[in-house]
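*Asks:* here's my sequence, what's the structure:
(4 chains)
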Number of protein chains: 2
Amino acid sequence: MNLKSLAEQLGLSPTTVSRALNGYPEVSDSTRQRVAEAAMRLGYRPNVSARRLATGRVGAVGVFLPAQGSVALGPHTSEFLSGLASRMAHEEIDIVVSPLETEDEVPAYHRLVSTKRVDAVVISSPAISDQRVKVLSDLKMPFALHGRTDIGIPHAWLDIDNQGGHYAATSHLIELGHRRIALINGPAGMTFSAHREAGYRAALAAGGIAVDTALIGNDIFTDETGFRQAELFLATRPRPTAIIAGSMMSALGAFRAIRSAGLELGRDVSMIAHDDVFPYLNADRMVPTMSTMRSPIRDAGSRIGEMVLQLLAGAPVEQLCEVWPVELVLRQSTCPAP
Amino acid sequence: MNLKSLAEQLGLSPTTVSRALNGYPEVSDSTRQRVAEAAMRLGYRPNVSARRLATGRVGAVGVFLPAQGSVALGPHTSEFLSGLASRMAHEEIDIVVSPLETEDEVPAYHRLVSTKRVDAVVISSPAISDQRVKVLSDLKMPFALHGRTDIGIPHAWLDIDNQGGHYAATSHLIELGHRRIALINGPAGMTFSAHREAGYRAALAAGGIAVDTALIGNDIFTDETGFRQAELFLATRPRPTAIIAGSMMSALGAFRAIRSAGLELGRDVSMIAHDDVFPYLNADRMVPTMSTMRSPIRDAGSRIGEMVLQLLAGAPVEQLCEVWPVELVLRQSTCPAP
DNA sequence: GTTTTTTTCCAAAGCGCTTTGGATAAGGCT
DNA sequence: AGCCTTATCCAAAGCGCTTTGGAAAAAAAC
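*Replies:* So this is what the prediction gives:
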C-alpha cells in the first residue's frame, strides 16, 4: 500500500494525499479527514526511504558505541541511549548506533556523514580538548556533546556540574570532620575527571586541607579498579576516613575493600558515590544506603535528544549549552569522622 | 558529489559507474579501476536513502530497547548491542534502536515493519511462550531471537545452555558436599528462568536432595534483589551453604548479604554466578575471585548479527538455531561445604 | 455579469540510485 | 568476407515520496 494506490482508491492525486497527510494548508478539511481515515483503514504508512530521498532529511541521529575495552562503554551506555531513543521516537526519528572498532572515531564519522545516514550525531565522554568536535564541525554535521570540552568551537552540549558536585560532596565530608578524603576519579585527560578533581581540590583548599596525591586515583570505573584503589588508599597512614567514588561500580568495589580491611562503611569510613541512576543498582536500597551525587543519565539522554531536535530545527548552537546541577543525597554511608 | 556528476567527470554513464562500483561483471577491469580511483579521489559515497529506495533493501536491522523499569534493560544490553553492531558494521548495515515505551512491543513492531525502516529485527529475553515471534512471523519480518521460546513457529534463534550450566553448577556444589543450595533466579515466565530452574532441580534430584522452594527466588537481576534474596535464604535453617546467582549484579548483592550476616564468601558460603562478561565487572579480579557460569554476551550479539545476515541472504530458519554451552569456571568463591 | 481573488486540487519534475533491455564494438568462427 | 558471440557500455524506466508551478472551481469584489 503506497501513496499512489492510496490516491487511486480515493480518486485523488498523490499530491493531494501527500499534503493532506503532512498537514499542508492547501487541502480542505473534509478531504483531509477522508484521506486520514482511508490511510488508517488501509494501513498506509509512508516508505521512509522514499521520504528521506525526497526531503533530503534522514530522520535519524547517530550515536557511537565506544570501542570494546574503551573507557566509555559502561553500564550507563544503555541508560543514556534509552533516554535519547525515547525522546527521539516521539518525533519518528531513528537512532542508529555505530560501533567504534578502534579508539579513532574519525573514519566512522566520515562514513556516517558522507553517506547521509544520519542528520546529526551525539557524542559522549569528551577529552579536555576533544578533536571530535573539530572534525564534526569541519564536516558541517550537526552534533550535540554529552559532556564538555574546551576547544573554542561553538557547539551544543549538555553537561552536569561535576565540579560543583564534588565540591559539595568534599565540603560536606570536611564539615563532618573528615580530613583524609580519598578520590576515586575517572581517567586523566577526560573533562569530567578534571572538573571533579578541581571541585575536590577547591573544597579541600577551602577547608585548609593539603592535597595528598596518594589519595587520588585515576582509572576507568569498574568494580575492580574501585576495589584496588580503595585498598591502596586504606593502606596509607593516617588511614583515610572518607572516599569519594566516581561511579556506583567503583563504589561497590570500594565497599568490598572497606569490608576486607575489617572496616565498616558508614562508621569507620564514609563514602559518597557519583550515581548515574541505574534501575538495577539502587543507592537507596543498598545496605547501608549509599550517599550519592545524583544525576540521572537517562534524563540527560532525553534532554540531549531534545537539543538535537532543536539543532535540526535551526536553533543556534550558542543557545544549546546547559549545565545540570548534581544533587547531593545524604544517606547512611556518610557519618562524622571517627 | 553524486553518481551522475561522478559519471560526467569520467565521461561514462551512471549505469556503468554504478555497476563498476557494485562489482557487476558487465564492465571491463580497466574502467572499473578508473571508476574506483575517481570515486576515491573525489570522495564519492552513495546516498544510502537513494540506494535503499532503489533496491528495496534498507540495510538496517532493528533492536528494541526494553521499556524503562523493565526486566530486560540491564547492564548486558550495551554489551550485546555492541557485539551485534560491530558484526553488522562490517557489512555496512546499520542497527537502529527502538525504545519500547510500554511492555507491549507490538505497536513498535508495526511501526518498524510498515514503514520499512529495517530489514530484520532482533529480539531478546523471550517468555516461555513468546507472542512476539508470532507477531513478527505474521508480519513476515525476518527476525532472530536471543534466547528460546516454545511457540511452534520455526524461527532463527541463539540461546545459551542455561539448563546445562545450572545443572553443572549445582552438581559441582553437591560434589563439594553442599546440601542446602539456594537459587537466585530470574523472573518467572521467562524461558531462561525456567531452564535454569530445571537444571538446578535435575541436579538436586540426581544428588538425592529434595527441593526447598524457600531457597528459590524469582525476580529481576539487580544488586538489591540479590541482597534481599540472599538475606532471606541465609535466614533459613539449616542455613544454606551455597548460592547460585543469576547474574553478576545479583551476585554483588548476595555477596554483601553474606558479609552482613557475618559470613565469609568462599569459606562459610559458596557462590557461583552466571556471568555475561562485562568489561567493568570482572569475576576473575574480585576478592575473592568469583566462580561463574561464563557466557560472553558480546559474542552472542555478534553471532546473532551473523545469523541475521544469513537470514537476509535467504538461509532457511531451521538451520539458524544454536545452543551455546555455558562454561563453568571455578574460582575462590566455591569451596567444600563447611 | 464580469473580473479578481481565494480555495482546492493536480501534472510533472525531481531526489540519487539500480536495473532492464538494448546498442555498439570487438573478437571468433566457418 | 560474412555471421555469430561476447564484451562493454548506455538510455531510460522505475523505486515512492515531496514539491513547484499551474489550472479549475468556487467565492468575493466590482
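
*Asks:* how about A:Val122, secondary structure?
*Replies:* Following DSSP: H, G, I helix; E, B strand; the rest coil, A:Val122 is assigned to strand.

*Asks:* so what sits opposite it in the bridge?
*Replies:* For A:Val122, the beta-bridge partners are A:Val63, A:Ala144 (DSSP bridges).

*Asks:* the one 5 residues further on now?
*Replies:* According to DSSP bridges, the partner residues bridging A:Ala127 are A:Met190.

*Asks:* right, and DNA strand D sits closest to which residue of the stretch 151-300 of chain A?
*Replies:* Per CB to the nearest atom of the strand, A:Ala156 is where the stretch 151-300 of chain A lies closest to DNA strand D, at 24.3 Å. No exception for glycine: its C-beta is placed from N, CA and C like everyone else's.

*Asks:* give me the neighbour count for the closest residue to that residue other than its chain neighbours.
*Replies:* Once flanking residues are discounted, A:Ala156 sits nearest to A:Leu320: 3.7 Å by CB to CB, 6 or more residues apart in numbering or on different chains. A:Leu320 has 20 neighbours, counted by other CB atoms under 10 Å in any protein chain shown.

*Asks:* could you check how far A:Leu320 is from A:Arg303?
*Replies:* In this view, A:Leu320 and A:Arg303 are 10 Å apart by CB to CB, to the nearest Å.

*Asks:* which residues of chain A score low on pLDDT?
*Replies:* In the prediction, chain A carries residues with pLDDT under 70 at positions A:69-72, A:103.

*Asks:* residues from it in reach of DNA strand C?
*Replies:* Neighbours of DNA strand C within chain A, by CB under 7 Å from any atom of the strand: A:11-16, A:19, A:26-31, A:50, A:53-54, A:56.

*Asks:* list buried residues within those residues.
*Replies:* Buried residues within these, counting neighbours by 16 or more other CB atoms under 10 Å in any protein chain shown: A:Leu12, A:Thr16, A:Arg19, A:Val27, A:Ala50, A:Leu53.

*Asks:* now for the second one: which residues touch it?
*Replies:* Translated: A:Thr16. Shown in contact with A:Thr16 (CB atoms under 8 Å, 6 or more residues apart in numbering or on different chains): A:Ala7, A:Val27, A:Thr31, A:Val35.

*Asks:* repeat that for 6 Å
*Replies:* Residues in contact with A:Thr16 (CB atoms under 6 Å, 6 or more residues apart in numbering or on different chains) are A:Val27.

*Asks:* next helix or strand past the helix or strand encompassing it?
*Replies:* In the assignment (DSSP states H and E), A:Thr16 maps to helix A:14-21. Per DSSP H and E, the first helix or strand lying C-terminal to helix A:14-21 is helix A:29-42.

*Asks:* just the CA coordinates for that next one, please, in PDB.
*Replies:* Output in PDB follows, covering the C-alpha atoms of helix A:29-42 (Å, rounded to 0.1, in the frame of the first residue of the first chain):
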ATOM      1  CA  ASP A  29     -10.600  19.800   5.900                       C
ATOM      2  CA  SER A  30     -13.200  17.500   4.500                       C
ATOM      3  CA  THR A  31     -10.800  15.800   2.100                       C
ATOM      4  CA  ARG A  32      -8.100  15.800   4.800                       C
ATOM      5  CA  GLN A  33     -10.500  13.800   7.000                       C
ATOM      6  CA  ARG A  34     -11.300  11.500   4.200                       C
ATOM      7  CA  VAL A  35      -7.600  10.900   3.400                       C
ATOM      8  CA  ALA A  36      -6.700  10.300   7.100                       C
ATOM      9  CA  GLU A  37      -9.500   7.900   7.500                       C
ATOM     10  CA  ALA A  38      -8.600   5.900   4.400                       C
ATOM     11  CA  ALA A  39      -4.900   5.900   5.300                       C
ATOM     12  CA  MET A  40      -5.800   4.500   8.700                       C
ATOM     13  CA  ARG A  41      -8.200   2.000   7.400                       C
ATOM     14  CA  LEU A  42      -5.900   0.700   4.700                       C
END
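
*Asks:* buried residues, it. List them.
*Replies:* Buried residues in helix A:29-42 (16+ other CB under 10 Å): A:Arg32, A:Arg34, A:Val35, A:Ala38, A:Ala39.

*Asks:* could you report the neighbour count for the closest residue to the third one other than its chain neighbours?
*Replies:* Okay, so that is A:Val35. Leaving aside its chain neighbours, A:Val35 sits nearest to A:Ala20 (3.9 Å; criterion: CB to CB, 6+ apart). By other CB under 10 Å, the residues close to A:Ala20 number 24.

*Asks:* surely A:Ala20 is in contact with A:Arg32?
*Replies:* Yes: between A:Ala20 and A:Arg32 there is a contact under CB atoms under 6 Å: 4.5 Å.

*Asks:* how near is the residue nearest to A:Gly74 when sequence neighbours are not counted to A:Glu79?
*Replies:* Counting by CB to CB, 6+ apart, the nearest residue to A:Gly74 once its immediate chain neighbours are dropped is B:Tyr280, at 5.5 Å. Distance, B:Tyr280 to A:Glu79, by CB to CB: 14 Å.

*Asks:* do the same with A:Leu309
*Replies:* According to CB to CB, A:Leu309 and A:Glu79 sit 20 Å apart.

*Asks:* do A:Met293 as well
*Replies:* Distance of A:Met293 to A:Glu79, computed by CB to CB: 16 Å.

*Asks:* let me know whether A:Glu139 touches A:Ser114 as I believe.
*Replies:* I think there's a mix-up here, since residue A:139 is Leu and not Glu. No: if you go by CB under 6 Å, A:Leu139 and A:Ser114 don't touch, sitting 8.3 Å apart.

*Asks:* okay, and the common contacts of the two?
*Replies:* Joint contacts of A:Leu139 and A:Ser114 (CB under 6 Å, 6+ apart) do not exist.
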